[in-house]
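Chemist: sequence and predicted model, in that order:
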Amino acid sequence: MRKHILITGASSGLGRGMAREFARAGSDLALCARRLDRLEALKTELEAAHPGIRVAIRSLDVNDHEQVFAVFRSLRAELGAIDRIIVNAGIGQGAPVGKGQFALNRSIVETNFLAALAQCEAAMEIFREAGLGHLVLISSMSAMRGMRGGLTAYAASKAGVASLAEGIRTDMLRKPSIKVSTIFPGYIRTEMNDQAPAKQTPYIIDEATGCRLLVRAIDKEAAKAYVPWWPWALLGWLMKRLPLSWVAKLN
């Protein structure tokens, strides 16, 4: 079991849910997000429910790349070690390309991909120095194919995240003590998609169930995982092969 786990985007949604699951398992946590008040509330909740663990928190805007490096190092110093880092921070809904919303779509790509690169750089520095670790990147089922409308930039950014993870994993083939996992979640109900109609979020599951399954998949430390496995492993295979007109029905 990984004892010291860092999670970005931990103040809400999947990040907060995974923190609760890892705390229940007895891991010390390093939690980062922009909203410090939410992190403080989560720290109080987790330490009260699980007195044997330590929870370190930092305010972090992942788009401030220098701050990413500083915060990761600071959290490692506070906990004494970090042996798993989950690159989770991200944002969602964009706009169709060519509709005058370039700034919105750019912010999605910058937060979901460029900032993920900064987090991976900072994480791998720690792991290379220690000679071990587990890097986890939260991608999305939307990374399987290009998505239409407001998901175009999001899907492209998550495809980039999956490719980034695979590249780092290839680098680590000769250093098996450092693992790299790509997680492809299907639809999980969170604040990010709370208003999305059911017909646009097929096979959606609730946040608590989704986070429990995410942690179970992460703990296996496989190269890739679909969450939940059913039906998304099959749908992932199909999404790579079906005509675009069929894939479009998934969003």
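Modeler: Thanks, I have it. Predicted model only: the values in this text are computed from it and were never measured.
Chemist: now do residue 163: how many residues are near it, please.
Modeler: When neighbours are defined as other CB atoms under 10 Å, residue 163 has 14 of them. (C-beta placed from N, C-alpha, C; glycine too.)
Chemist: name the helices or strands packed onto the helix or strand containing it?
Modeler: If you go by DSSP states H and E, residue 163 is part of helix 152-171. Counting contacts by 3 or more CB pairs under 8 Å, 6 or more residues apart in numbering; DSSP states H and E, helix 152-171 is packed against helix 102-109, helix 115-130, strand 133-138, strand 178-185.
Chemist: the same query, at a cut-off of 6 Å, please.
Modeler: Helices and strands touching helix 152-171, by 3 or more CB pairs under 6 Å, 6 or more residues apart in numbering; DSSP states H and E, are helix 102-109, strand 178-185.
Chemist: now the angle from that helix to helix 102-109?
Modeler: Orientation of helix 152-171 against helix 102-109 (axes from the mean of the first three to the mean of the last three CA atoms, to 10 degrees) gives an angle of 30 degrees.
Chemist: got the buried residues for helix 152-171?
Modeler: Buried residues in helix 152-171, counted by 16 or more other CB atoms under 10 Å: 152-162, 164-165, 168-169.
Chemist: only C-alpha atoms, please: export that helix in CSV.
Modeler: Extracted C-alpha coordinates of helix 152-171, given in CSV (Å, rounded to 0.1, in the frame of the first residue of the first chain):
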residue,chain,number,x,y,z
THR,A,152,-14.0,19.1,-28.2
ALA,A,153,-11.3,20.9,-26.3
TYR,A,154,-11.8,18.8,-23.2
ALA,A,155,-11.5,15.5,-25.1
ALA,A,156,-8.4,16.7,-27.0
SER,A,157,-6.8,17.7,-23.7
LYS,A,158,-7.6,14.4,-22.1
ALA,A,159,-6.2,12.5,-25.2
GLY,A,160,-3.0,14.6,-24.6
VAL,A,161,-2.9,13.5,-21.0
ALA,A,162,-3.2,9.8,-22.0
SER,A,163,-0.4,10.2,-24.5
LEU,A,164,1.7,12.1,-22.0
ALA,A,165,1.3,9.2,-19.5
GLU,A,166,2.2,6.6,-22.1
GLY,A,167,5.4,8.5,-23.0
ILE,A,168,6.5,8.7,-19.4
ARG,A,169,5.6,5.0,-18.9
THR,A,170,7.8,4.1,-21.9
ASP,A,171,10.6,6.1,-20.3
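Chemist: I'd like the average pLDDT over it.
Modeler: The average pLDDT for helix 152-171 rounds to 97.
Chemist: who touches it?
Modeler: 92, 94, 97, 105, 108-109, 112-113, 116, 137, 139-140, 142-143, 147, 180, 182 (CB atoms under 6 Å, 6 or more residues apart in numbering).
Chemist: same check on stretch 88-99?
Modeler: Here stretch 88-99 has contacts from 7-9, 15, 62, 101, 104-105, 108, 111-112, 138, 149-150, 152-154, 192, using CB under 6 Å, 6+ apart.
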